[in-house]
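> Following is a predicted model, sequence given first.
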There are 2 protein chains.
Amino acid sequence: MADVAAPLRVSAQKLEAFIARALQAVEISEREAKCIAELMVRADVQGSEGHGVFRLPQYIRRIQGGAVNVKPGIRVAREAAAMALVDGDNGMGHLVMRYATERAIEKAKTAGVAWVGAKWSNHAGPASLYATMPLEHDMIGLYLAVGNANHLPPWGGLDMLLSTNPIAVAIPAGEEPAIVLDMATTVAAYGKVKTKAQRGETMPEGWMMDREGRPLTDPRRANEGFLLPIGGYKGYGLALVIGLLAGTLNGAAMGKDVVDFNADDVTATNTGHVIVAINVEAFQPVAEFKKNVDALIRDIRASRRLPGVDRVRLPGEGSHAARADRLKNGVPLPAPLAAALKELAAELKIAPLKLR
Amino acid sequence: MADVAAPLRVSAQKLEAFIARALQAVEISEREAKCIAELMVRADVQGSEGHGVFRLPQYIRRIQGGAVNVKPGIRVAREAAAMALVDGDNGMGHLVMRYATERAIEKAKTAGVAWVGAKWSNHAGPASLYATMPLEHDMIGLYLAVGNANHLPPWGGLDMLLSTNPIAVAIPAGEEPAIVLDMATTVAAYGKVKTKAQRGETMPEGWMMDREGRPLTDPRRANEGFLLPIGGYKGYGLALVIGLLAGTLNGAAMGKDVVDFNADDVTATNTGHVIVAINVEAFQPVAEFKKNVDALIRDIRASRRLPGVDRVRLPGEGSHAARADRLKNGVPLPAPLAAALKELAAELKIAPLKLR
């Protein structure tokens, strides 16, 4: 008997084809539409729902509003042996960051490590998409970005000068799955607050604070407060330096120049990111490194546990499990999202997503 | 009238000369003893008391125990255009990391960015010592290290497999002081717990947890529990990936191989660190970058504030203020530390630290 409450599932292939159709309908080339669609679905498949097809209507709206360039000339604006600065020409962030990551991997083959920044980019999906790309080259990936809406004031302040600026680090293992950390520097990402509001739930204390410094737990009142950084002033410091490295250093938006891309469909965001590729082979034989990572993973997994804890997890375990499930059983598509995509198909006059 | 409760102050010069005498007494060369002393006092001057002269008796004890090599042949073991792996030959961490940072700065001049790892190093003082060295070359510094004692289990676990693995990032500004973030990935560093115990104070909830998962607030019971990471599983993830980058990748100790250097005077720690130098000029004109950092600093400082907050601070403000005070008025020397240094002088048969 089917669980009537479970959302419909759709295969990654169908979802990818639909996204590509939608992007082509707003004048993105077939090749680039397919590239973006592949990365967006990769986000859904790994369980980063807030960064996959969920964003499609917003991306299309911003393209239609003229905020994003559908024919970008993405190029290396500056370069040295171990670095490059990519000018994304305001193209879709996925295209810019795939290009930047490919440059980083190529450079790290000879330089050992390569740091590639990007400016005039856009929202590019989950941080781990790019941090994990170097893995298949036996490289470590490190990704930083300026978030696309400021919901975080400096510690003790009220002005929203910072975003949830994320960091992702992906580290190859041998027989064990790769370690993939992907985290916002705030306790909760803003998307989680929105989900709580949709479900009529309250937030735990510690996610948000109101303008008087009191805990804010009603997500419907989210606009009366702000997100809290992890570890108090430490998370504020992390969000700040990530923003300086991914934004300011690249000549991208940071601080009061950050555009709220949820509220604005017409302004270029000049989003900044960084991808660092670290070639393991430059430091030690790859096999030796992977053996040591495997041993550490096993020590962690075998750790004695706090009462009530069923298992000790490694960063990335959740996404590895989601991937295994979704590649086999399809990507869950909640009813409101399915309806939004149907509407989008009608508006763009493209074949709708076939759910069966 | 003098404040009788205030500790004595000693000039940085006198303190430096004393430390150098002590290190020479245990067979470290004059040149290297002076280099270490200068960096240790720099820690005291910037207010990182737990990492300055406070550590001298322990360093001497470990040298006398044979745990540290006083005549190291520090060298580059592997290298490429943008990276190097320094083998510290078990020398004092300060020497190893000064050497590594100089290599990183030199390489970043041409490569744009340089990532230098170190293995067979030792405790090197506060993270910000090395992150700030690239500043005078108009470079950004980023430092990571494996801590020298495991007080952190993986999230949900009980086995102490992780340390407080710190990160420091220093970013040059123009007219404003540099932004200097220097933080452990745990809510409190273990040194703070020890200080609370010495003073007979209780710890706030959130610093430590006992083995049943209950808050631990009595610092005298610290060995019955463990430190908590910032942001729960996020801080665990950060401590883990910092340890992989600074330890495992460099062939340095990580996980169960970490030696507790507070409890052990005879075993080499094989401490691992990373220093990254990022040459601002490779990305954009230095003057432009500094102007933008200044503007961001001023926007943050001018932010409206939460009730009861006197000012909004930038990372590094505390250390800049301490430096200004201590270069003028001397480094405060609490009575127990003064006594310990007097005892050390007698034991080493060197001229004691002159406090007047």
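Done, it's in.
> Quick check: A:Ala84 touching A:Arg78?
Yes - using Cβ atoms under 8 Å, A:Ala84 is in contact with A:Arg78, at 6.9 Å. Backbone N, C-alpha and C define where each C-beta goes, glycine included.
> Can you pick out the residue with more neighbours from the two?
Set A:Ala84 next to A:Arg78 and count neighbours by other Cβ atoms under 10 Å in any protein chain shown: A:Ala84 wins out with 27 against 17.
> so who does that one touch?
By Cβ atoms under 8 Å, 6 or more residues apart in numbering or on different chains, the contact set of A:Ala84 is A:76, A:78, A:100, A:103-104, A:107, A:114, A:116-117.
> One more: A:Val293?
A:171-174, A:176, A:179, B:244, B:248.
> By neighbours, which of these wins?
Using other Cβ under 10 Å as the neighbour test, the contacts of A:Val293 are led by A:Ile171, with 31 neighbours.
> Is A:Gly272 in a helix, a strand, or coil?
Assigned with DSSP: H, G, I helix; E, B strand; the rest coil, A:Gly272 falls in the strand class.
> So which of the contacts of A:Val293 sit within helices?
If you go by DSSP state H, the contacts of A:Val293 have B:Leu244 in helices.
> which one of the contacts of A:Val293 is nearest A:Asp138?
Comparing the contacts of A:Val293 against A:Asp138 with Cβ to Cβ places A:Pro172 closest, at 5.8 Å.
> now the contacts of A:Val293 as JSON lines including distance to B:Val70 and pLDDT?
JSON lines is the format used below for these (distance: Cβ to Cβ, whole Å; pLDDT from 0 to 100):
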{"residue": "A:Ile171", "distance to B:Val70": "35", "pLDDT": "98"}
{"residue": "A:Pro172", "distance to B:Val70": "38", "pLDDT": "98"}
{"residue": "A:Ala173", "distance to B:Val70": "38", "pLDDT": "98"}
{"residue": "A:Gly174", "distance to B:Val70": "38", "pLDDT": "98"}
{"residue": "A:Glu176", "distance to B:Val70": "40", "pLDDT": "98"}
{"residue": "A:Ile179", "distance to B:Val70": "37", "pLDDT": "98"}
{"residue": "B:Leu244", "distance to B:Val70": "30", "pLDDT": "98"}
{"residue": "B:Thr248", "distance to B:Val70": "28", "pLDDT": "98"}
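> Out of the contacts of A:Val293, which comes closest to B:Ser121?
B:Thr248 (14.5 Å).
> Skipping its backbone neighbours, what lies nearest the closest one in space?
Closest residue in space to B:Thr248, ignoring its immediate chain neighbours: B:Met254 at 4.7 Å, by Cβ to Cβ, 6 or more residues apart in numbering or on different chains.
> measure the one you found to B:Ala239 for me?
11 Å (Cβ to Cβ, to the nearest Å).
> And the helices in the stretch 101-250 of chain A?
In the stretch 101-250 of chain A, the segments counted as helices under DSSP state H, counting those that start in this stretch are A:128-131, A:190-199, A:233-246.
> and among those helices, the most buried is which?
Among those, helix A:128-131 has the highest mean neighbour count (mean count of other Cβ atoms under 10 Å in any protein chain shown), at a mean of 28.
> Up against chain B, what does the stretch 251-356 of chain A have?
A:251, A:254-256, A:278-280, A:282-284, A:289, A:292-293, A:295-296, A:299-300, A:302-309, A:311-315 (Cβ under 8 Å from any Cβ of the partner chain).
> Wondering if the least confident helix or strand in chain A by mean pLDDT reaches chain B at all.
In chain A, no helix or strand scores lower on mean pLDDT, DSSP states H and E than helix A:190-199, which sits at a mean of 83. No - judged by Cβ under 8 Å from any Cβ, helix A:190-199 and chain B are separated, with a smallest distance of 13.2 Å.
> my guess is A:Gly65 meets A:Phe261, correct?
No - using Cβ under 8 Å, A:Gly65 makes no contact with A:Phe261, being 10.6 Å away.
> list residues touching both of these two?
Counting by Cβ under 8 Å, 6+ apart, A:Gly65 and A:Phe261 have no common neighbour.
> More neighbours: which of those two?
Under the criterion of other Cβ under 10 Å, the comparison of A:Gly65 against A:Phe261 puts A:Phe261 first, with 22 against 12.
> for the residue nearest to the spatial centre of chain A, what are its contacts?
Central residue of chain A (Cα atoms, centre = their mean): A:Pro126, 1.3 Å from the mean position. Listed by Cβ under 8 Å, 6+ apart, the contact set of A:Pro126 reads A:43, A:46, A:48, A:51, A:168, A:182.
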